[in-house]
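Asker: Quick check, what structure comes out for this input:
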Amino acid sequence: MGITILLGVLCAISWGLPDVPLARATRAIGIVPTVIGSIAIGLAVTSPILLFTDGLPHISGRGALLIAGMGVLTLLGYLTGFNAFKHGKVTIVAPIIACEGAVAAVFSILLGESVDRVVLLILPIAVVGVVLAAMGDGDDGGSSGALRAVLAAIVWGGILLMAAPVADEVGVIWGFVLVRVVALALAIPIGLYLGCTTKGRLEWRNVAMWGIGDSCASLLYVAAANRGPVAVAGVLAAQFATVGVIAAMIFLGERLRPRQWVGIVLVIAAVTAIAGLGG
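Answerer: Numbering: from 1, shown residues only. Sure, this is the predicted structure:
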């Protein structure tokens with residue numbers, strides 16, 4: 001249990017703390033260069049872990065389709081998520097994107113899977129929290145960032161739903177790497193077309209902090225869940241939203257209205273509960 005808690009906490013920090021550098025990078029150089037740079041750096045840092053796997057995986061036709069589909073969704077997830085961080089407050093965007101697990105639960109219900117009834121009762125709480133968090137004043141980065149974050153949460157919910165089938169086909173580690181390779185291969189032509197592929201060098205520190213943090217967090221979560229209990233790993237990893245909120249307050253000086261704080265607390269509480277039940 002002790003190692004699971006440690007890995008879960010490190011996962012939350014690795015996902016939440018780099019939200020501030022991510023916001024700074026997207027606002028300085030744009031979304032696409034940040035996506036390309038962060039995926040490339042993240043892959044460069046984490047790919048050596050493939051040396052500890054059992055050689056090359058066998059990829060069936062179904063597996064190739066799943067990897068390609070998840071790669072497309074992952075790129076879309078990064079684009080929508082980074083767009084939210086560019087235009088919205090981190091204190092609002094991070095908790096809303098953390099609802100990805102709740103979105104995955106909704107998708108599961110739509111696909112006919114059985115979901116704990118308590119989750120069904122908690123989902124409306126998350127919705128109310130999102131609405132309250134988005135209720136800012138004018139162009140304060142509230143509603144515009146929240147809407148983008150909702151879209152990102154929907155996309156990432158779909159990605160979470162595809163994660164298990166991909167892992168079943170090629171394994172967790174190979175699935176992680178191959179999906180991001182696909183996403184990067186799709187992102188580079190977009191960057192070339194826009195003429196912004198190399199702009200990531202201008203903000204390489206912030207881009208690297210997010211890319212490394214994101215990739216390491218994904219692997220830390222796998223390690224935490226593997227050690228078990230999965231519920232503990234899920235609850236702790238979901239606290240990346242809390243870490244992101246605190247980091248934005250300290251480093252970006254973000255301030256929210258009382259009703260927005262109520263919304264954020266509701267979202268984080270609902271996400272934590274759903275993560276626990278999901279285990």
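Asker: And the residue nearest to V222 when sequence neighbours are not counted, how far from N226?
Answerer: Residue nearest to V222 in three dimensions, not counting chain neighbours: V172, with 5.3 Å by Cβ to Cβ, 6 or more residues apart in numbering. To be clear about C-beta, it is placed using only N, CA and C from the backbone, and glycine gets the same treatment. Counting by Cβ to Cβ, to the nearest Å, the gap from V172 to N226 is 8 Å.
Asker: Comparing these two, which residue is more hemmed in?
Answerer: V172 (19 against 12; other Cβ atoms under 10 Å).
Asker: ok, residues contacting stretch 130-137?
Answerer: Stretch 130-137 is contacted by residues 89, 92, 95-96, 99, 142-143, 146-147, 150, 256-257, 259-260, 262-264, 266-267 when judged by Cβ atoms under 8 Å, 6 or more residues apart in numbering.
Asker: how about a cut-off of 7 Å?
Answerer: 92, 95-96, 99, 142-143, 146, 150, 257, 259-260, 262-264, 266-267 (Cβ atoms under 7 Å, 6 or more residues apart in numbering).
Asker: What's the PyMOL line that selects buried ones from those residues?
Answerer: One line in PyMOL is enough to select the buried ones among those; burial here means 16 or more other Cβ atoms under 10 Å:
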select buried, resi 92+95+96+99+142+143+146+150+260+262+263+264+266+267
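Asker: For T80, state which of the contacts of stretch 130-137 is nearest.
Answerer: Of all the contacts of stretch 130-137, T80 sits closest to V150, with 9.4 Å by Cβ to Cβ.
Asker: all helices of this protein, in order?
Answerer: For the chain, applying DSSP state H gives helices covering 2-16, 19-29, 31-46, 61-87, 90-97, 100-110, 117-133, 143-170, 172-194, 204-227, 230-237, 240-251, 258-278.
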